[in-house]
Structure formats: C-alpha cells, structure tokens
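Visitor: Starting from these lines, generate the structure:
(chains A, B and C)
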Amino acid sequence: MRFTLFLAFTLALVGSITFFCTGAEAQDNPIKIGVMGPNTGSWASEGQDMLNVVVILADEINSAGGINGRKVEIVSADDGGDPKTAVLAAQQLYAEGVVAVVGTYGSNVTEATQDIYDEAGIVQVATGSTAIRLTEKGLTLFFRTCPRDDEQGRVLARYVKELGFKKVAVVHDNTSYSKGLADETRQLFADIGVTEVFYDAIIPGDRDFTATLTKIKAAEPDVIIFTGYYPEAALLLRQKKDMNWDVPMIGGDATNNLTLVQNAGEEAAAGYYFVSPPGPGDIKGEAAAKLLATYQQKHEVYPTSVWAILAGDAFGVIAEAIKNVGDNPEAIAQYLHNDLKDYNGLTGPISFNEKGDRIGEVYRLYQVDPTGAFVLK
Amino acid sequence: MSFSFKGLLSDRVPLEEGGGKERILPLPLTIAGIAIFFSIPVIFKVTGLSSAMYWLEVLNTVGLYAILALSLNVILGHAGMFNMGHAAFFAVGAYVTAILNLTYGWSILSTLPVAGLAAGLFAAIVAGPIIHLRGDYLLIVTIGIVEIIRISLTNNIFGVTGGPNGLMGIARPTIFGFKIARPQHFFYLIWIVVAITVTLFYWLENSRFGRALKFIKEDPVAAEGIGINTTRYKLMAFVVGAIWAGFAGTLYASRMRTISPGSFNFEESVLLFTIVILGGSGSQKGVLLGSFLIIGLPELFRGFQNSRLLVFGAALVIMMIFRPQGLLPPKPQRYKLPPPWDKMGQNGNSSQAKVSLSKKDD
Amino acid sequence: MDFFIQQLTNGLTVGGIYALIALGYTMVYGVMKLINFAHGELFTLGAYIGFTLLVTFNFTGLFGTVIGLGFSVILVSCLVAVAGHLLERVAYRPLRHSDRLAAVVSALGASIFLQNAIMLKWGAQRLAYKPNILPNVSVNIFGQPMPFIRILVFLVAVFVMFGLYIFINRTRTGMAIRAAAIDQGAAKLMGIDVSRVIALVFIIGPALGGLAGLMAGLLYGPINFNMGQIYGLKAFTAAIIGGIGNIQGAMVGGLLLGLLESMGAAYISVAWKDGITFMVLIVILVFRPTGLLPERVAEKL
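Guide: Here you go, the predicted model:
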C-alpha cells in the first residue's frame, strides 16, 4: 500500500517537473546563450552573481530590440563547482541548443567541459578559470576574459620586490588554482632576491588558522603571500589581528571580493594587498557604472567579486561577435580571435590572442584602506 | 546426536521451487526490457532527440555509479559492513589507470586488471586491522581512509598524483581498434560492464561464499560457531568490492579524461552508501534502481534551479519514510534442507522443514 | 616552549567547539543508536540565527553586552532545539522501528535539505559576525595575548560538559535517559516514556549544537551555509574517538582532536594535518575498538 502511495508520489513529482521544464515555450527563434556556473555548492555565491550579471545585460539588449532584431535567451546550467556535475551541465546546454557558453569559475570544472563544448561546436568563454593549461590545448572555440596564472605570478612577484619584502612566507590552500599561483610566484624568488622562510598549504573550509599562524610567526617573515581564496584570507587576517601580529599580507585575485572585508572586519583587513584585474568601481566606463546601478536596484547589493563582472564581459564579447557575424559558433570564434580589437568591456578593453587568452596586462595592485575600500595603487 | 551442517554451506543446496526467487516480471518481459534499454542510443538517434547526448551522459553517470554501488553492495548489503569510504578504492583504480596510461603509455584496457588488483590489494592491507570493528566504528574508520587517500592525492604523494590538479589527458579506451570516445560508445561500454557485474554478483550471491556472508550478517556468533571463518569471509567481501570499484575507476578515468582528488571525497562515498540503502541493501535490483534515483533525481530537479538540492534532500527523507527497507529489498530466501535435517523434523517425518534466512529489521 | 604552549591553547579552543558538537552526537547516539548526520547543519543553523540576533537585530547594542549575549544564547539554543525536535518528528520518528541504516539515509537527506534551506534563506554569500560584538579584551597567558572569546569558548565547553554529566547522573530525568540508553524495552516496562526521553535528547543535543554554532560565529566571524559539514565530520570523529555514547568521551575526544590538529600543524605539516588526525583515529580504534574511554554500560549515557 505504502509502495503504491510512494509510486504515486514519485510519478506526480516527475510529472510536475516534466511539465515545469517544458512549460516555458520557446519564443520565435531566439539566440540561446548558456551560462554555466556554480549555482549550488561551495562557490554558489559566485555562480549566482555571474548569472545575475549576465541576465541584466541580456535584458538590456532585449529591451533595446535584441541582437539584429533577435531576442537573446539565457539558459542557465548549474555546475555545482564540481567536474562531474559540470559534464552534465555542459550536455544540458548542448541539448538546449546554445551557440555559446559563458563560464565557468573554477579551472578544473572548466577543464572537464572543454572537450564537450569543443566536440559540440559551442564557443566557451570562461570567466574565472585562470589555470594556464586551459588555453594550451589548441582548442579554437575556447576563450577566457580572465587573465592567466603565470601572468599573475609575475605581477605578484614584481610587487613583492617593489614593496621591499625580503623574507616571505608562502601559503596556498592546495586547490588547483592556488597551488598553481604559488608555484608560479615561487620560481621567480631567486630572480627578485627574496628568501622563502615558510611554505605550506592550509586546508580550505577550515576555520581556525591560529596553529598555522603561530607556526608562520616563528619563521619571522616580512610578508605572508597567500594565494588562496577570500574566505580563508579573511580568517587569516582576522586571526592574525587577534594575535596582535601586524605582518603585512599580500594575495592573489581570488581574494578580490568585498566579502573579504566584511568577513575580516575593516580593522583586520586594512593594509592587505592583493593583485587583481581592476574591479568594476575602478573602471571609468559608463557601462560598468550602469550595470552596477541596475544590479543594486534589482538585488539590493553589489556583486561581490570581479568574476561576476568578467562573466558580464564574456557575455558582452559573445553578443558583440553575434551582432557582427551572426550566430554560427565557428564564425563567432573567428571573429573573437581576429577581428575583436579593444572591445569596450566592463573591465577595460578586450582583445584575444590566437590561444583565446585575453591580451594586455590587466593586473593591478590593490590595498585595503582603513574604511575597507579596495584602493588601486 | 551428530548431524551435519555441511549441506547448508555446500554449493549444491537446491533452491526451493517457487521460493523467494520469483521475478517481478516474467522472463520474456525482462529480456525485452533489457533489449529496449540497450537500444536507447539507437532510438535517440532515430528520433533525433535534441537532448540525446545529455540523457546519454546522465545514463552513463548512472551506470558508473551502478557499478560502484553494486560493488559496495557486496560489502554493505551482503556482508553488512558499514563502509562509508568506498570512494577510496575507486580513487586507487582511477589513479592507477591514469598513471599507467600517462607515464608508461599502457592502453586503457590493459590497465583495467592492474587497477582492480591494486584497489583489492589496498583494501586487503587497510581492511585487515579494522575488519573486526563494530558498525559505526567501522563507518568512521572508512571515512578516515577515504579522507587520507584524498589528502595524500592532493599532497602529491610519491610525486605521481599531480597534486590538486590531478592528472589530465588520459586516453580513451580502444577495443579491437575501435576508439570509444562519444557518449553513445561509453553507454555500451559502461552498461555492458554493469550487466557483467550483475551476472557475476548474482552468481556470487548464491554461491557458498554468498551464503556464508548472509549468515555472518544475520548472526555472526552462530556463523562463527559452525565454523565459518567470519574474518576471512568479511575480508574477502571487502577485497571483492574494492577490486570492482577499482575497475569502475578505470572506466571513470577514461570517460572524464581528467581526474582530480576532489572527485574521490567523503561525499562521494556517502552518495554510494545512500544508493545502496535507498535501493534496498543486499538487492541488486534495488541498487540499480537506487542509482537511477540518486543520480537521476537531481538531474530531473534541474528545473528547480537553486533549490534543486533542497528538493532532493526532502525526497530522500520521504522515500526512506515510505520504504525504510529500501525501495526493492531482497526477498527472504528459502532453502530446501538436505536429508540429515529432514530426519530431524519435528515428528521425524517432516521432509519439508524450511529454514528461512530473512533480513531482520535491526 | 612558548611555541608549544601557544599551540596547546590553540588546540584547546578548537577542541572546545568540537566537544560541544560532539556532545550532541553522543547523546543522540546513546539513546537512539542513530548517527544524526544532520547535526552539523543544526550547528550551522545556530550560527545563522546568532547572526540574525547579534548583527541584524544588534542585540548587544540594544541590551548591553552581557544581557544581549545571554538573550542570544538562550534564543539560539531554544530555536535550534525546536528545529532539532521537528527534525526528529519528521525524519527520524517514523523510522524508529526500521533498519538503522534507513535512519542514516534519512539523516543524510535531512542534512542536504537543511543545508540548502539555510542557503536559500540567508543566501550563498558568506556572512560575518562583526569583530566588535564582544569587547576586544585579551588576557595574557604565558606572555601571549589570548582573546577573551577563546577562553570563553573553552570554559563554556567544560561547563556544559559538567552540567550535562551531573544532569545525566544525578537527576531522575537523567536516570530515565540512562535507562533508555541501556535498554529501551526494559525502560518502557519500568514506566519510562521512551518517546519523551528521545524528544528530550533531541532538544538538548541540538541546543548544544546551536550554541556551538553561535560560539564559532563569535570566535571566527565568517559563517557560511556548508560550514556544518566539516564541523559535523570532525565532531563525529571526536565522539567516536572518545567512545560514542559517553559524555566524558565526547569531551576528551573533542579536546584531543583539537590538540592533534594544532600539534600536527605545528610539528609536522599543515597540509597533512587532517590526514594525521584520521591516522591517529584509525590507530586508536585498531587498539581500542570502542574508543578511548571504556564503554561501561552503567556509565554509558
């Protein structure tokens, strides 16, 4: 009896979902663009911001009549921040018939989907995946609006030298991105005359880093280089301050997130350096200001990180290409490689090289000021 | 007063006619069902379904989890050992395949036996000292093992695992010169392995080994009492399950082409555990159904956007409340007793005495 | 030596939080033989409710530090206790007479549900307790400044453990709980309402978990919706190390786990810290299959 009931329940559920999924009727021939991001899981806030930004930009285009008269339809797929889920998300977007995909955030997640998009003939523009190898595979349909870790490592090492630090502690968090950046930076230490007095990995998701900080302190560095993400950076800053230890700290672009200051508290975050592509507030463009205003109006807060803005840029270049050459993926890729020159993006001018990497030095040095604002140095 | 229990463990115990083995569907229907299932890619192709590749990938994922869950079923369902670290053996298999393929240029299929054996060997080494632990203690220790594996892989142990990046560029498998690359190719590869797994484990379940495990699960003291070496059988179950998880690792590595430590964590083990319990611990049909539900439901729930996992969690609770013994629990098996027992019947003449080995609700 | 003592205090604070959560695991397990996998999410819930009270409603600003904090502690404990009670009613009670593993899966489902419910309610972004909720006082211990909150966490954990110990061993209700833990059937025959005992356990355990969440928020600041996963796993490990079902065991296990982590990080490697912890767990269980403290039935909860 219960089993029958259960069966009825399951059928009802499945039925309602099928109905729900097919409920949205296709408009007449819109251009479908996918957004693949981590809408659930540990990086859910990044994924949700990405989607929000792209939806705002797409709405803008649609209310202005679409691209060459055709509406844009955004198809969202959740990759959960996990390679296995991402494979299914990619197949889902392929099934939906998208011509191009914006995303995603994590490098290893992007990597799991690269082959699928390439075989399916879909343009992929990654937004937060900075691992070097992604663009070293000769995939012609793959692009990214974020820079690469080798460039970031060079810039990070240069600023460590310019700021006059001699003894450094390097801390990463054993994720693909973080270890990559740490290694890129470390190999330049000999060139810039810096000695490494500490090197270890913290565990992401941990909350108490006092044991680690106590250990680092015993090594007496001039600066802590932390190449991980903002949640751990905030905890390190806050606990460092609780120990009354005022050693400077410098980090990478994964800490460019206003949540860092909010989590660490202004006092603890003040003086923290990081290198990053310029944030939306530092771009004098009209487009960025307008986007931020709409975003705040719609969601009551600002997007917290630069990665969501880079998702906006990814959407922007795709839309620009479609406007010029239509919605054939090959043509879009051709256009992005060769004809897109200094496109006026949210994060500055955008052009791509033959590998699909963004051209130009985009990294800047930022410091957190006592009010908690990110100040361009 | 000496009567032999040997018969109970011999390979020749006849199953009683019409006993617990009746099928849900008659045989022809089952065969037809299987035939239809294996022609899904063809149907997709003929009908030109736009989301064909997506659903094939979903089915491939289901199949892969089915292989893993079936192998866990030997340990958890048949031997009754709470193993929440099955992803550890899966990881060993996947990494062995990846390393042999990338560093030594072995073809994927030739790495298959090595991956299985490596996982089995690893299981034999780690399970030895912990096999005697009671349920929940075993559970946390196996969680510990899978975490140690993940941490070791992340920290690039022996310098061969690629650290947090993992290993990438793993080759596709080739069978008689045919390269398996597209989702529909993997569909056949994976589901044929599922079919082999089901057949083999069905046979195992009804062998002397399978019956011994069942006895151990029901009553370890009595099993020990009649001379079953419980430790040895439990260890064997562990190793068999691990070998199979190692095979699944090979398939996984060649399907994803890139593997990283994050894919072999504790949550993965929890997922497998859930599949087995939800489907019906000890029942292969149940485990297959469980794989479809656990992997398939979140996909069906994609329409719910950000709340899809919320709905999934609620669905798990509801399913367990309605079917606490699992969706398709194993039927109690009835055995015809060998002659010596017959003579022991209540009045000395009952030739139909039955012993029912059923699953207790405890 | 200084270094060692600092690492000792670091470990004890972390351990204090683990112990508070582990107490919840151990109590529920003692009576129901159920691993409440959703316990970690109750911890998260406590942290979030605390955030709403202390940051959104600014309780300490409205009522002063001591009263505001006291209010928050009581409210958080009560609300999380209600949540725990509901959890028991919905997800566990229907399964009380079923296979134990069914309850485990139900618990896992409840855990996924709660985690995502928290994400949908409070958002996926990390929130943070402001650093100035408690006065920023440091106490010098062995020449090292120790923030007051760290000492408070440790003291609260010890205090709760003693309170619970006395409650279980010296009161009639406590006796009923112990009776139900040893044999539910016999307890029923003695006129004990086992359902009520279980309900009570599911009020105390979650309340302590919620309290731990609030403490973690005050201590570390940032909170996020899946923080309970790691804490839940660690605390469960702690409860097992100490001997699950044993109140002192949870305390010992929690503190030991905290110390293992800090000493592992300090003297071996930060990256291998958790690996070392699990190795020690396995070694302990190989030699003492039921945890460190003896599992004497009379003393078992």
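Visitor: in what helix or strand does the closest residue to chain C within the stretch 1-150 of chain B lie?
Guide: Closest contact between the stretch 1-150 of chain B and chain C, by Cβ to the nearest Cβ, is at residue B:144 (3.6 Å). All C-beta atoms are positioned from the backbone trio N, CA, C, and that covers glycine. Per DSSP states H and E: residue B:144 is located in helix B:135-154.
Visitor: what stretches of chain A score poorly on pLDDT?
Guide: A:1-28, A:279-284 (pLDDT under 70).
Visitor: Grab the nearest non-local neighbour of the residue in chain B that chain C sits nearest to.
Guide: Nearest to chain C, among the residues of chain B, is residue B:316, at 2.7 Å (Cβ to the nearest Cβ). Among residues not flanking residue B:316 along the chain, residue C:109 sits closest, at 2.7 Å (Cβ to Cβ, 6 or more residues apart in numbering or on different chains).
Visitor: Is chain A within reach of the helix holding residue B:144?
Guide: Yes. In terms of Cβ under 8 Å from any Cβ of the partner chain, part of helix B:135-154 sits within range of chain A, namely residue B:154.
Visitor: pLDDT score assigned to the residue nearest to residue B:316?
Guide: Looking at residue C:109, its pLDDT reads 91.
Visitor: again with the one 5 residues further on
Guide: The predicted local confidence for residue C:114 comes out at a pLDDT of 93.
Visitor: you'd agree it is up against residue C:43?
Guide: No. Using Cβ atoms under 8 Å, residue C:114 is not in contact with residue C:43, being 10.4 Å away.
Visitor: And the two? Which one has more around it.
Guide: residue C:43 (31 against 23; other Cβ atoms under 10 Å in any protein chain shown).
Visitor: which secondary structure element contains that one?
Guide: helix C:39-51.
Visitor: So which elements touch that helix?
Guide: Contact here means 3 or more Cβ pairs under 8 Å, 6 or more residues apart in numbering or on different chains; DSSP states H and E; on that basis helix C:39-51 packs against helix C:2-32, helix C:65-87, helix C:100-122, helix C:194-220, strand C:222-223, helix C:227-242.
Visitor: Any part of the fourth one near chain A?
Guide: Yes. Between helix C:194-220 and chain A, judged by Cβ under 8 Å from any Cβ, the touching residues are C:216, C:220.
Visitor: Surely residue A:368 touches residue A:276?
Guide: No. Counting by Cβ under 8 Å, residue A:368 stays clear of residue A:276, with 11.9 Å between them.
Visitor: Which residues of the stretch 101-250 of chain A lie near chain C?
Guide: Looking at chain C, the residues of the stretch 101-250 of chain A close enough under Cβ under 8 Å from any Cβ are A:174, A:200-203, A:205-208, A:210-212, A:214-215, A:218, A:231, A:234-235, A:238-239, A:242-244.
Visitor: Let me see the ranges of the strands in the stretch 151-300 of chain B.
Guide: For the stretch 151-300 of chain B, the strands defined by DSSP state E, counting those that start in this stretch occupy B:167-168, B:174-175, B:178-179, B:258-259.
Visitor: Run me through the strand neighbours of the last one, direction for each.
Guide: So that's strand B:258-259. Using DSSP bridges, strand B:258-259 pairs in its sheet with strand B:167-168 (antiparallel).
Visitor: which residues touch the partner strand?
Guide: A:111, A:133, B:95, B:98-99, B:102, B:161-162, B:257-260 (Cβ atoms under 8 Å, 6 or more residues apart in numbering or on different chains).
Visitor: for the stretch 251-377 of chain A, what spans make up the strands?
Guide: A:273-276, A:343-345, A:348-350, A:364-368, A:374-376.
Visitor: Among these, which comes closest to chain C?
Guide: Of the strands of the stretch 251-377 of chain A, nearest to chain C by Cβ to the nearest Cβ is strand A:364-368, at 14.5 Å.
Visitor: Which elements pack onto that closest one?
Guide: strand A:273-276, strand A:374-376.
Visitor: Pick the most buried one from the ones you listed.
Guide: For the helices and strands packed on strand A:364-368, the largest average neighbour count (mean count of other Cβ atoms under 10 Å in any protein chain shown) is found in strand A:273-276, namely a mean of 24.
Visitor: helices and strands around that one, which ones?
Guide: Using 3+ Cβ pairs under 8 Å, 6+ apart, strand A:273-276 sits against helix A:149-162, strand A:249-251, strand A:364-368.
Visitor: could these go into CSV alongside mean neighbour count?
Guide: Formatted as CSV, the helices and strands packed on strand A:273-276 follow (neighbours: other Cβ atoms under 10 Å in any protein chain shown):
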stretch, mean neighbour count
helix A:149-162, 20
strand A:249-251, 25
strand A:364-368, 20
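Visitor: So which of the ones you listed is nearest residue B:73?
Guide: helix A:149-162 (42.9 Å; Cβ to Cβ).
Visitor: okay, the angle between that closest one and strand A:364-368?
Guide: Calculated by axes from the mean of the first three to the mean of the last three Cα atoms, to 10 degrees, helix A:149-162 forms an angle of 60 degrees with strand A:364-368.
Visitor: Would helix A:149-162 count as contacting chain B?
Guide: No. Judged by Cβ under 8 Å from any Cβ, helix A:149-162 makes no contact with chain B; its nearest approach is 11.4 Å.
Visitor: And the contacts of that helix?
Guide: A:130-132, A:168, A:177, A:180-181, A:183-185, A:187-189, A:191-194, A:223, A:225, A:227, A:250, A:252-253, A:273, A:275, A:361, A:363, A:365.
Visitor: Check which residues of the next helix or strand after it are buried.
Guide: Per DSSP H and E, the first helix or strand lying C-terminal to helix A:149-162 is strand A:167-172. Buried residues in strand A:167-172, counted by 16 or more other Cβ atoms under 10 Å in any protein chain shown: A:168-172.
Visitor: Now do the helix or strand that strand A:167-172 is followed by and helix B:135-154, the angle between them.
Guide: Downstream of strand A:167-172, the first helix or strand assigned by DSSP H and E is helix A:176-186. In terms of direction (the same axes, to 10 degrees), helix A:176-186 departs from helix B:135-154 by 40 degrees.
Visitor: tell me what the following helix or strand past helix A:176-186 is packed against?
Guide: Next along the chain after helix A:176-186, taking DSSP H and E as the criterion, comes helix A:189-192. Judged by 3+ Cβ pairs under 8 Å, 6+ apart, the packing partners of helix A:189-192 are helix A:149-162.
Visitor: how about the helix it packs on as CSV, C-alpha atoms only?
Guide: Presented in CSV, the C-alpha positions along helix A:149-162 are these (Å, rounded to 0.1, in the frame of the first residue of the first chain):
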residue,chain,number,x,y,z
ASP,A,149,48.1,32.5,-13.5
ASP,A,150,51.6,32.8,-15.0
GLU,A,151,51.0,36.5,-15.6
GLN,A,152,49.5,36.8,-12.1
GLY,A,153,52.5,35.1,-10.6
ARG,A,154,54.9,37.5,-12.5
VAL,A,155,53.0,40.6,-11.3
LEU,A,156,52.7,39.3,-7.7
ALA,A,157,56.5,38.6,-7.6
ARG,A,158,57.2,42.1,-9.0
TYR,A,159,55.1,43.8,-6.4
VAL,A,160,56.7,41.8,-3.6
LYS,A,161,60.0,43.1,-4.8
GLU,A,162,58.8,46.7,-5.2
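Visitor: Centre of the chain to it, how far?
Guide: 19 Å (Cα atoms, centre = their mean, to the nearest Å).
Visitor: picking that back up, gap between the residue nearest to the residue of the stretch 1-150 of chain B closest to chain C when sequence neighbours are not counted and residue A:331?
Guide: In this structure, residue B:144 finds its nearest non-sequential neighbour in residue C:278, 3.6 Å apart by Cβ to Cβ, 6+ apart. Per Cβ to Cβ, to the nearest Å, residue C:278 is found 54 Å from residue A:331.
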